[in-house]
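Peer 1: what's the 3D shape of this:
(one chain, ligands or ions: 1)
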Amino acid sequence: MSDLSNSPNLPAETTWLRAARNLGPAFSKRAAKWDENREYCWENIDDLTDAGLMGMSIPLAHGGQGASFLAVVDVVEEIARHCTLSARIVVEANMGGISAVMAYGTEEQKKLCASYVLNGDKPAICITEPGAGSAATEMTTVAQKVPGGYRLSGVKHWITGGGVSKLHLVFARVLDEDGVNLGIGGFLLLHDPQADLSCPGFEVIGRERTMGLCGMPEAELRFTDVMIADDMVISPPSGFSRGFADLMTAYNSQRVGAGTIALGIAAGAVDHAIRYLKEREQFGRPLAEFQGLQWMLAEMDAKVHASRLMLREAAQTLCGKGFPDMHMAARAKMFASESAISVVNDALQMFGARGYGAQEPLERMYRDVRMFTIGGGTAQILKTQVAGGLLGIKVPQTRDGYVKLAEGAAK
Ligand code: FAD
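Peer 2: Numbering: from 1, shown residues only. Take a look at the predicted model:
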């Protein structure tokens, strides 16, 4: 491990961080198995659950430990050094969907969701559709009001955990009884065949064959007239008309989490690079003595450190609703994900052919890290968001957006 122990910006060791450090060696050993077999890491989930890391951020009143996002971020970085798959599960069991429920849900919803997560379920968050990726508000999945609830219909794809997750937070366009569009809402869907809780009309219709994170199903889900009871609607504070904005505010925590996974992979890659530079000799000298590689290493370390500072700052700077500041979260994820790709690439380069082969974890880490400039808001969309914050405008993306903006300014 790189020796940064004197840095004031490194996390203090909490009980959770200690638990994560204890799990590291076993998670490192198993990581290749999940990847090769495209297998979900149930064994690690048992360990994470026993260690209290699943749902550690859930408030004490709901059976969790009330850990801050900062404490979660520290755990996620540590786990991601060893196993990206497990780190993603820790993020989704503490941030994003579950934090939206804890912020906006009813007491019953909080109780229900907390019990699933604390027992090892990783909730799935279902936003993206074949025709609505970056332009998420163009989603066509609808939830039509009917007596007693809502009828949900549509298709979502690239849903992390689809097929293994029991809890799903589905974003859908809400229509009233007359078909009038009210905005976007969140709908809790519980699919737990083991507990005889299946959802008629809910199907997993496909699994992507992915480049990295191969143990995690990325699934296509179809909803055909799925009945969602009224008490399973997550009602954002400003109602459905601003529902998307409220739900995305909660998603800022998941963005910080995703950036932190990228950071953890990069930090792990630096650890491997330091080991190998000292170990491998060419021209009669350890690689560590070549200045070309030393400079690469220094730049890698700077990127890791800057990412950590940005992510920890975002995790601590909570806006009114208790979620990370949007601007800081976008900036940190954008920077950390792009930096991590370059750091892991450089580490792999330092290993020469050995880095390209499967006997070292670098090739897997390189495949894993690649997704973080795509999933959870692409780097381009986040940059647009950051620039909009700096310019003080919501930078329009649709063709008629600038016309509307100018009209608004003229009023
Ligand atoms: P597109 O929106 O089609 O974009 C294609 C390219 O164009 C990108 O490079 C993008 O940055 C760029 N682009 C698009 N619009 C603009 C613009 N206005 N300005 C500049 N560039 C632009 N979704 C979920 O709902 N739940 C999940 O659990 C989930 N997990 C995922 C896991 C993985 C591994 C991946 C890869 C994706 C996951 N997603 C998930 C989907 C993810 O959020 C989307 O892939 C992402 O929002 C981008 O959408 P898209 O892939 O359709 O790309």
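Peer 1: wait, a strand at Leu390?
Peer 2: No. Counting by DSSP: H, G, I helix; E, B strand; the rest coil, Leu390 falls outside a strand, being helix.
Peer 1: burial of the residue nearest to Leu277 when sequence neighbours are not counted, as a residue count?
Peer 2: Distances taken as CB to CB, 6 or more residues apart in numbering place Ala288 nearest to Leu277, at 4.0 Å, with adjacent residues excluded. All C-beta atoms are positioned from the backbone trio N, CA, C, and that covers glycine. Neighbour count of Ala288, defined by other CB atoms under 10 Å: 17.
Peer 1: which residues touch Ala288?
Peer 2: Taking CB atoms under 8 Å, 6 or more residues apart in numbering, we find Ala288 in contact with Leu277, Lys278, Gln294.
Peer 1: please apply the same query to Pro147.
Peer 2: So Pro147 contacts nothing (CB under 8 Å, 6+ apart).
Peer 1: nearest to the ligand among the contacts of Ala288?
Peer 2: Looking at those and their distance to the ligand, the nearest is Leu277, at 31.0 Å (CB to the nearest ligand atom).
Peer 1: okay, the closest one: pLDDT?
Peer 2: Model confidence at Leu277, expressed as pLDDT, equals 98.
Peer 1: tell me the contacts of it?
Peer 2: Taking CB under 8 Å, 6+ apart as the definition, contacts of Leu277 comprise Pro286, Leu287, Ala288, Leu293, Leu297, Met350.
Peer 1: and for Pro193, the neighbour number?
Peer 2: 9.
Peer 1: and the strands in the protein?
Peer 2: Under the criterion DSSP state E, the chain contains strands at 124-126, 142-146, 149-160, 167-175, 181-190, 202-207, 218-229, 233-234, 281-282, 285-286.
Peer 1: residues of the stretch 251-400 of the chain that sit close to the ligand?
Peer 2: Met371, Ile374, Gly375, Gly376, Thr378, Gln380, Ile381, Thr384, Gln397 (CB under 6 Å from any ligand atom).
Peer 1: what is the burial count for the residue in the chain that the ligand sits nearest to?
Peer 2: Going by CB to the nearest ligand atom, the ligand is nearest to Gly133 of the chain, at 1.8 Å. Gly133 has 15 neighbouring residues, counting by other CB under 10 Å.
Peer 1: look up how far Phe171 lies from it.
Peer 2: 13 Å (CB to CB, to the nearest Å).
Peer 1: Cys41 now?
Peer 2: Cys41 is 27 Å from Phe171, by CB to CB.
Peer 1: and those two? Which one has more around it.
Peer 2: Shown here are Cys41 and Phe171; by other CB under 10 Å, Phe171 has more neighbours (27 against 22).
Peer 1: mind checking pLDDT for the residue nearest to the more buried one when sequence neighbours are not counted?
Peer 2: Of all residues not flanking Phe171 in the chain, Ile127 sits nearest, at 4.7 Å (CB to CB, 6+ apart). What the model reports as pLDDT for Ile127 is 98.
Peer 1: likewise for the one 3 residues further on?
Peer 2: Taken from the predicted model, the pLDDT recorded for Pro130 is 98.
Peer 1: tell me where the stretch 201-350 of the chain has helices.
Peer 2: 243-279, 291-316, 326-350 (DSSP state H, counting those that start in this stretch).
Peer 1: any weak-confidence spans in the chain?
Peer 2: Low-confidence segments of the chain (pLDDT under 70): 1-12, 411.
Peer 1: so which residue is dead centre in it?
Peer 2: Ala258 (3.9 Å; CA atoms, centre = their mean).
Peer 1: for stretch 142-149, list every residue counted as buried.
Peer 2: For stretch 142-149, burial by neighbour count (16 or more other CB atoms under 10 Å) applies to Val142, Ala143, Gln144, Lys145, Gly149.
Peer 1: what's the local residue count around the nearest residue to Gly186 once chain neighbours are set aside?
Peer 2: Nearest non-adjacent residue to Gly186, counting by CB to CB, 6+ apart: Ile234, 3.6 Å away. Ile234 has 24 neighbouring residues, counting by other CB under 10 Å.
Peer 1: torsion angles phi and psi at the spatially closest residue to Pro25 that is not a sequence neighbour?
Peer 2: Leaving aside its chain neighbours, Pro25 sits nearest to His82 (7.5 Å; criterion: CB to CB, 6+ apart). Main-chain torsions, His82, degrees, to the nearest 10: phi -110, psi -40.
Peer 1: returning to what we had before: dump the helices of the stretch 201-350 of the chain into CSV; add distance to Gly186 as well.
Peer 2: CSV is the format used below for these (distance: least, CB to CB, whole Å):
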stretch, distance to Gly186
helix 243-279, 5
helix 291-316, 23
helix 326-350, 18
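Peer 1: how near is Val344 to Phe372?
Peer 2: Taken as CB to CB, the span from Val344 to Phe372 is 10 Å.
Peer 1: and for Ala19?
Peer 2: From Ala19 to Phe372 the distance is 24 Å (CB to CB).
Peer 1: look at those two and report which has more neighbours.
Peer 2: Phe372 (27 against 19).
Peer 1: how long is stretch 357-373 end to end?
Peer 2: Stretch 357-373 has its terminal residues 24 Å apart, counting by CA to CA, to the nearest Å.
Peer 1: next, the buried residues of it.
Peer 2: Judged by neighbour count using 16+ other CB under 10 Å, the buried positions of stretch 357-373 are 360-373.
Peer 1: up against the ligand, what does the stretch 1-150 of the chain have?
Peer 2: Residues of the stretch 1-150 of the chain found near the ligand (CB under 6 Å from any ligand atom) are Ile125, Cys126, Ile127, Thr128, Gly133, Ser134.
Peer 1: having no further points to raise, I will conclude here.
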